[in-house]
Structures are given as structure tokens and as C-alpha cells.
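**Student:** what follows is a predicted structure for the sequence shown.
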Amino acid sequence: MSTSIVPTPPSTPPSTPPARSFLRLRLAKFPGRDRLDGGWWPQSRDLAVELADLVDNFPADSGRVQRAVISPPDWDQPPRKIAVAHGTVKVGSFPKDDTHVILLKTSATQILRILVVPPDLTESEAEEALLAASTSGNAHSATSLLETVTDHTDGTADDHWTA
């Protein structure tokens, strides 16, 4: 008689991360010329998950993100360091503010000023905010831009961000 040992499956299946859609990021063609260098629409307020996704999928021609400075009210309990595919990214924060901006320091020696679009905005509001933040000549602050795109009462996005 032979006996074989069959491994017992764990009592709870390992959790799999939720499916992520594509990175919702739009960068300006010429960063550093305008008030904002682009916009990012994260899927949640979990900075560890969202920043890792941003860093791991950041356009290679813009350099690798090495450090981030965040606006604390945009996130739920932001960590000081985040694990990414190629190491870690240090996270700093602005003093208590509500700027809706993230600064990204890249290996290309740039500091990009990126609008953080709240994850609960409608798709049309978020798309308008991303367009405005990445359009050449943008002069709105991040807060002002978000107030403008969320003030549409008819639910349509004006195309006033393009020249």
C-alpha cells in the first residue's frame, strides 16, 4: 500500500489585486512652460497603490520617477516610502494644504507639477481636467481648474481649454 501526501489548500484563497485600467495620465508636450505639466486621474485615494501604478507605468521618455511630493488631503493615510517595480520612491508632503498637485522628480532632472484629479469625478469632468492641465498656456491653479470643470450644470464639457 502506498500513501501520497496531497497538500491541503489554504483556508482562504490568496487575494488578487483588483483589475486596473490603463494609466489615466496626460502630460504637457513641453513640461516646465506652464503652471501645470499635466494631469493624473488615479482610481482611488490609496497612494501606495496609485503611485506605484503611476511610477511603474510612467512614460519612459519622461524619465523614471524618483521622488514625489503630495498634497495630504488628496490621499488616505499616505506612506513615506512606496515600493515600486524598480525599488522605492520617497514621498514627501506639502504643509497642510489642499492644492490637488503632486510634484514628481524624475531621473531626467525635471520636477513635474501634475494635477491630481479626484477619483470620484465623472469621466467627462476628469477628461476636461486632464485636457486643461496638459494644454499649452494653462494658467489656472489646480484648485481653480477643478472648480471650473465641476461647475458645469448641464453635464457637458466646454472645449475652452484649447486655443
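**Tutor:** Thanks, I have the structure now. Treat the numbers as computed from the prediction; the structure is a model and nothing was measured.
**Student:** against residue 54, how distant is the nearest residue to residue 67 once chain neighbours are set aside?
**Tutor:** Distance criterion C-beta to C-beta, 6 or more residues apart in numbering; nearest residue to residue 67, sequence neighbours excluded, is residue 105 at 4.2 Å. Placement of C-beta: from N, CA and C, glycine included. Residue 105 sits at a distance of 13 Å from residue 54 (criterion: C-beta to C-beta, to the nearest Å).
**Student:** neighbour-wise, which of these two wins?
**Tutor:** residue 54 (23 against 18; other C-beta atoms under 10 Å).
**Student:** so that one sits right up against residue 42, yeah?
**Tutor:** Yes - Residue 54 is within contact range of residue 42, at 7.4 Å (criterion: C-beta atoms under 8 Å).
**Student:** and stretch 103-111, average pLDDT?
**Tutor:** In this model, stretch 103-111 has an average pLDDT of 93.
**Student:** the longest helix in the chain is where?
**Tutor:** Longest helix of the chain, by residue count under DSSP state H: helix 123-134.
**Student:** so which elements touch the helix or strand just after it?
**Tutor:** Per DSSP states H and E, helix 123-134 leads on to helix 142-150 as the next helix or strand towards the C-terminus. Helices and strands touching helix 142-150, as assessed by 3 or more C-beta pairs under 8 Å, 6 or more residues apart in numbering; DSSP states H and E, comprise strand 111-116, helix 123-134.
**Student:** okay, the ones you listed in a markdown table with distance to residue 24 next?
**Tutor:** Formatted as a markdown table, the helices and strands packed on helix 142-150 follow (distance: least, C-beta to C-beta, whole Å):
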| stretch | distance to residue 24 |
| --- | --- |
| strand 111-116 | 11 |
| helix 123-134 | 7 |
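**Student:** buried residues of the lowest-mean-pLDDT helix or strand in the chain, list them for me.
**Tutor:** Within the chain, no helix or strand scores below helix 142-150, which has a mean of 93 by mean pLDDT, DSSP states H and E. Using 16 or more other C-beta atoms under 10 Å as the test for burial, helix 142-150 gives 142, 145-146, 148-149.
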